[in-house]
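Colleague: Here you go, sequence then predicted model.
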Amino acid sequence: MSSPRRERRKADPALSDPERLYVITGDPDGSERAALDLVTMIVAKAEPKPTVQPEQAVILRLCQAPLSVAEISAYLSLPFSVVTSLLTDLLTTELIESRAPIVRAALPDRSLLEAVMHGLQKL
């Protein structure tokens, strides 16, 4: 099965409208947002349900393969704060899963580097 094609949506002037962004995120009821940053990876755990917002359904379709929050924000042409709010709702309903990006190997131990350096000097 091939993954869905990812295309960036054209900028819609209505999306920069503050009232439109308020409607997308909903009424702030004082609930905490999930601790997400730009490089947090998001993966969908389920197909979109008929009750989710259209923007959330798009997120679920996009995230069949892991995507960072920054990529989601770019594909939807929405600010990071709005995407974070949408993702928080999806996390609470357990429709998506988030994880920190895979970090490349940590720096090697200093003693190992020194041993390699001394070995090279002896050559």
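Modeller: Good, I have the coordinates. Numbers count the residues shown, from 1 in each chain.
Colleague: burial count for the spatially closest residue to Val58 that is not a sequence neighbour?
Modeller: Nearest residue to Val58 in three dimensions, chain neighbours excluded: Leu76, at 6.5 Å (C-beta to C-beta, 6 or more residues apart in numbering). All C-beta atoms are positioned from the backbone trio N, CA, C, and that covers glycine. A count of nearby residues for Leu76, using other C-beta atoms under 10 Å, gives 19.
Colleague: Leu76: what's it in contact with?
Modeller: Arg9, Glu55, Val58, Ile59, Val83 (C-beta atoms under 8 Å, 6 or more residues apart in numbering).
Colleague: The chain: helices as residue ranges?
Modeller: Counting by DSSP state H, one finds helices in the chain at the ranges 18-25, 54-62, 69-76, 80-92, 110-122.
Colleague: do you know which of the ones you listed lies nearest Ala100?
Modeller: Distance to Ala100, taken as C-beta to C-beta, is lowest for helix 69-76 among these, at 11.4 Å.
Colleague: Just the CA atoms of the closest one, as CSV, please.
Modeller: Extracted in CSV, the C-alpha atoms of helix 69-76 (Å, rounded to 0.1, in the frame of the first residue of the first chain):
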residue,chain,number,x,y,z
VAL,A,69,5.2,19.1,14.1
ALA,A,70,7.1,21.6,11.9
GLU,A,71,6.2,19.6,8.8
ILE,A,72,2.6,19.3,9.8
SER,A,73,2.5,23.0,10.4
ALA,A,74,4.0,23.7,7.0
TYR,A,75,1.6,21.3,5.2
LEU,A,76,-1.4,22.8,6.8
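Colleague: Okay, buried residues for it please.
Modeller: Buried positions in helix 69-76, judged by neighbour count with 16 or more other C-beta atoms under 10 Å: Val69, Glu71, Ile72, Ser73, Tyr75, Leu76.
Colleague: Okay, the residue nearest to Ala57 when sequence neighbours are not counted and Phe80: tell me how far apart.
Modeller: Of all residues beyond its chain neighbours, the one nearest Ala57 is Pro48 (3.8 Å), with distances taken as C-beta to C-beta, 6+ apart. According to C-beta to C-beta, to the nearest Å, Pro48 and Phe80 sit 22 Å apart.
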